[in-house]
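[1] Sequence and computational prediction follow.
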Protein chains: 2
Amino acid sequence: MNDVIGTDMYRDSRYIVATYRLRDRENRLAARAEGIAIGLTIGTWTDLPSLRKEQVAAHCGQVQGIRVIDATEAGDVIAEIDIAYPVANLDATFASLLTTVFGKLSMDGEIRLERLSLPEAWERVYPGPKFGVNGVRERYGVFGRPFVMSIFKACAGLTLEELVDQFGEQASGGVDLVKDDEIFFSEAHATAAERVVAYREKARQIAVQTGRETAYAVNLTGPVHLLREKAKRLADLGAGALLFNVVAYGFDVLADLARDPDISVPILAHPAVSGALYGSPNYGIAADIVLGQLMRLAGADMGIFPSMYGSVTLGGEATDRLLAHLRKDSVHRKVLPAPSAGIYPGLVPQLYRDFGIDLILNAGGGIHGHPGGARMGGQAFFDAIAAVQEGVPLQDAAVDKPALAAAIAKWGVRA
Amino acid sequence: MNDVIGTDMYRDSRYIVATYRLRDRENRLAARAEGIAIGLTIGTWTDLPSLRKEQVAAHCGQVQGIRVIDATEAGDVIAEIDIAYPVANLDATFASLLTTVFGKLSMDGEIRLERLSLPEAWERVYPGPKFGVNGVRERYGVFGRPFVMSIFKACAGLTLEELVDQFGEQASGGVDLVKDDEIFFSEAHATAAERVVAYREKARQIAVQTGRETAYAVNLTGPVHLLREKAKRLADLGAGALLFNVVAYGFDVLADLARDPDISVPILAHPAVSGALYGSPNYGIAADIVLGQLMRLAGADMGIFPSMYGSVTLGGEATDRLLAHLRKDSVHRKVLPAPSAGIYPGLVPQLYRDFGIDLILNAGGGIHGHPGGARMGGQAFFDAIAAVQEGVPLQDAAVDKPALAAAIAKWGVRA
């Protein structure tokens, strides 16, 4: 056994601790854990001469814990294993972090990365959010209440004029942000730059009446080496935020954007493709690591994840852990959560209870599907927010709020 | 139902066809498939006025097939569903491809992306390998036989002098390539540039005796926006290849490197972290897509994947599909496969049968673990290659080949 280090690595600033859930024979667990700790760091230990041991000790992994949590019918056990990896083995990339803790190991049978515990000093090597909750509030001038974000529906094939109309309909409801559909890549009718310019013009016209200029979260796409320039250009043209498919691009690509001081708008992280990593309970990487911990470290200001109200959820425990990652005290700014799918005005009291006000109410069908259209759909959310802020039950508030009344008639209230 | 397109999308150059394996109620399959095809492209169809249908038809997805393949005890079925997505919805990034075919859908319960069928015209938008099998052969001057590649063992904490010694020991065996350990990120004792320069010097000294200059595959790491410059610099300094953790960085980052004409060395793709995507049979993305199809499209010249000889394999069928992706006739150059783990000299006849000569014999323990050390370990592979080329059984050839004889004594022969 590795005899160099015996202290609690969870409190040691030189180590990242990874916890895995795996299946194996119970009598193999100790050797398996040792094999991971040594095999994924310095390769061999027992056979090394003592001088060499001294030399490489700072790079050697360490088994921190082995817990059997269940037995299987096949005679195997399900166990959790904690391995401490020296940060001295990493560089400041997510590629090095992921390759170190789950590179080869991800291919080693039934095993799942469940938790990562990073020392504060090492969290500092990642950029974290440039704006965070407070910065995003400043940026959009939204204080003391949740944000309301509307999602463009079905954009492929629409002309710029039609897109502007759809933007305008949503902005007329007073929503803080309108986000692109994350699958909108086609520039057949309008480039991202053209959309930014046209939507901003529309937003300013509408702001004359509503008093609120709706921001546009444009889908940032294209070759990696052009993304930073494109992001700057879109920001300069008036984009309100950058929607980014982080998992599909890679966490280091997000970190690159977040580290660039000239990209002057918040980043809205989309969870597309993340289910390919977290879907299985037995393989892959836990959802709260992917959509919470890594998103914040890499620099998302706002983070979308599947809500617990839709048909497919992460489950209560994973959602709690995810939220903790976004919001806990840390060296980095906090991330605004945007729980998505199944969000409608009647759910606002529940959303306040579950999330408080540092939250994005992100709705597609819950705005476009309003009987009065997207304008009334946005308005219904603000009616609901006002009611909750005033401590009035939604049904009571709806008496003289036709947008909210129609939303309640369609979708009901979760009181 | 979507009534625009009824032909076979597998043969239609306007469509990418994705095949999913999913679990659902049998009587829900048709609606589910329709929901995917429409929901992930144009959003709605039935309710659209006919003029709008004409306008967006080119962007509309299409259900191509639904096959029940198994029943479950819970009353659900396991089914395969084929959905055709218009390439008109994509840009030339892997982020757009993955987000389109498995963005939101990856989070929609038990579902796995099993196959992607891309029209030839759309394969052309991706760079593909810059060198391919023939280009790599030209580059290293290796013809008519497999390549032999040795893997640095445990590098963290070693001084440059010790690393050079380890390189020299491996190069003395005549191996074509020595690759970095994919977990080697620490530059405490030597930067990548320093290693490239020092190893090359050593390789040239050794080439005076062996007649072969061993190439060094350096681990390309660092912030994304600096990778192309770093790659060029390492190539200019004499790196033989770039080892790249593709899944940890993202396929578009590889594509960026492959598209850059000034990066003048082959790329060796490492599969680190890929198991997080392909490990589960019920979730994620099939291994042959990740390590075969996407690697080739994105520009890997050489591709490492778990061999079928080690303790953890992809299975025969997945390996066959993966190999087909690397080698089939296509608009792109072919990729050299490097099946890894469990490779030793006595396996060479089997490797010839399974893979032919367009292959990398990639060994770590099978070279370093040789009783005579890494030099003899490399030599044993060349002895084995010579025997197979001459049609001589390894045991017979070993009579006057001490390196091969010692390898057979330790690991045996798979005849």
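    Everything's here; your move.
[2] Quick check: mean pLDDT of stretch A:73-82?
    With pLDDT averaged residue by residue, stretch A:73-82 scores 94.
[3] Could you see whether chain B lies near that stretch?
    No: using Cβ under 8 Å from any Cβ of the partner chain, stretch A:73-82 stays clear of chain B, coming no nearer than 14.5 Å. Using the backbone N, CA and C atoms, a C-beta is placed for each residue, glycine as well.
[4] and that stretch, how far apart are its ends?
    24 Å (Cα to Cα, to the nearest Å).
[5] got a list of what residue A:150 touches?
    By Cβ atoms under 8 Å, 6 or more residues apart in numbering or on different chains, residue A:150 lies in contact with A:170, A:173, A:175, A:177-179, A:363-364, A:367-368, A:374, A:377-378.
[6] again, only this time at 7 Å
    A:170, A:175, A:178, A:363, A:367, A:374, A:378 (Cβ atoms under 7 Å, 6 or more residues apart in numbering or on different chains).
[7] so which of these comes closest to residue A:386?
    Residue A:386 lies nearest to residue A:378 out of the contacts of residue A:150, by Cβ to Cβ, at 13.1 Å.
[8] these two touch, right, that closest one and residue A:176?
    No: Residue A:378 is beyond contact range of residue A:176, at 9.4 Å (criterion: Cβ atoms under 7 Å).
[9] more neighbours, these two?
    Higher neighbour count among residue A:378 and residue A:176: residue A:378, with 32 against 24, using other Cβ atoms under 10 Å in any protein chain shown.
[10] and the more buried one, what helix or strand is that in?
    Element membership for residue A:378 (DSSP states H and E) is helix A:374-390.
[11] Tell me which other helices or strands the helix or strand just after that helix touches.
    On the C-terminal side of helix A:374-390, the closest following helix or strand by DSSP H and E is helix A:394-397. Where contact means 3 or more Cβ pairs under 7 Å, 6 or more residues apart in numbering or on different chains; DSSP states H and E, helix A:394-397 is packed against helix A:374-390, helix A:402-411.
[12] quick one: buried residues of stretch A:177-191?
    A:177, A:178, A:179, A:180, A:181, A:182, A:183, A:184, A:185, A:186, A:189, A:190 (16 or more other Cβ atoms under 10 Å in any protein chain shown).
[13] and residue A:63, what are its bridge partners?
    The partner list for residue A:63 in beta bridges (DSSP bridges) reads residue A:83.
[14] my guess is it meets residue A:83, correct?
    Yes: applying Cβ under 7 Å as the test, residue A:63 and residue A:83 come out as touching, 6.2 Å apart.
[15] So between these two, which is more surrounded?
    Neighbours were counted for residue A:63 and for residue A:83 using other Cβ under 10 Å; residue A:83 has more, 26 against 21.
[16] Which residues are in contact with the more buried one?
    Residue A:83 neighbours (Cβ under 7 Å, 6+ apart): A:18, A:33, A:36, A:37, A:61, A:63, A:64.
[17] which of those count as buried?
    Buried members of those, scored by 16+ other Cβ under 10 Å, are A:18, A:33, A:36, A:37, A:61, A:63, A:64.
[18] Out of the residues you listed, which comes closest to chain B?
    Closest approach between the buried ones among the contacts of residue A:83 and chain B, by Cβ to the nearest Cβ: residue A:61, at 9.9 Å.
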